[in-house]
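J.: Mind folding the following:
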Amino acid sequence: MKAYVYVSMKKSVLDPQGKTVQRALTKMGYKGVADVRQGKYFELSLDGSLDRDAARAEVERMAREVLTNPVIEEFHYTFED
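T.: Below is the predicted model:
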């Protein structure tokens, strides 16, 4: 089983890197880009020793305690069998 964890800045937190990318895209002539938010992506290969509910709890714990800064970041995740 694999878990895919997506981490991004909270909407209430300024994202200077995202703004820089947005400005660059506009200057390069790309149209229709209203906002850019940057983030991180983690792909976790799980060894199969946990059932789906236990895996979900463990991935949430990893994301909260290690993969994100909960003051300024939020996350969501998906699973693939």
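J.: now the helices for the protein?
T.: Ranges of helices in the chain, per DSSP state H, are 16-27, 52-62.
J.: list the buried ones in the first one?
T.: Going back to what we said before, that points to helix 16-27. Of the residues in helix 16-27, 18, 22 count as buried by neighbour count, 16 or more other CB atoms under 10 Å. Any C-beta I mention is one placed from the backbone N, CA and C, and that applies to glycine too.
J.: try stretch 54-68
T.: For stretch 54-68, by 16+ other CB under 10 Å, it's 55, 59, 62, 63, 67, 68.
J.: what are the C-alpha coordinates of stretch 27-37, in PDB please?
T.: Presented in PDB, the C-alpha positions along stretch 27-37 are these (Å, rounded to 0.1, in the frame of the first residue of the first chain):
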ATOM      1  CA  LYS A  27       5.600  37.900 -17.000                       C
ATOM      2  CA  MET A  28       6.200  34.900 -19.300                       C
ATOM      3  CA  GLY A  29       2.900  35.500 -20.900                       C
ATOM      4  CA  TYR A  30       0.800  32.700 -19.300                       C
ATOM      5  CA  LYS A  31      -2.800  33.800 -18.900                       C
ATOM      6  CA  GLY A  32      -5.500  33.000 -16.500                       C
ATOM      7  CA  VAL A  33      -3.300  32.300 -13.400                       C
ATOM      8  CA  ALA A  34      -5.000  34.000 -10.400                       C
ATOM      9  CA  ASP A  35      -2.900  32.500  -7.600                       C
ATOM     10  CA  VAL A  36      -0.100  29.900  -7.000                       C
ATOM     11  CA  ARG A  37       0.400  28.100  -3.800                       C
END
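J.: Since that was my last question, I'll sign off now.
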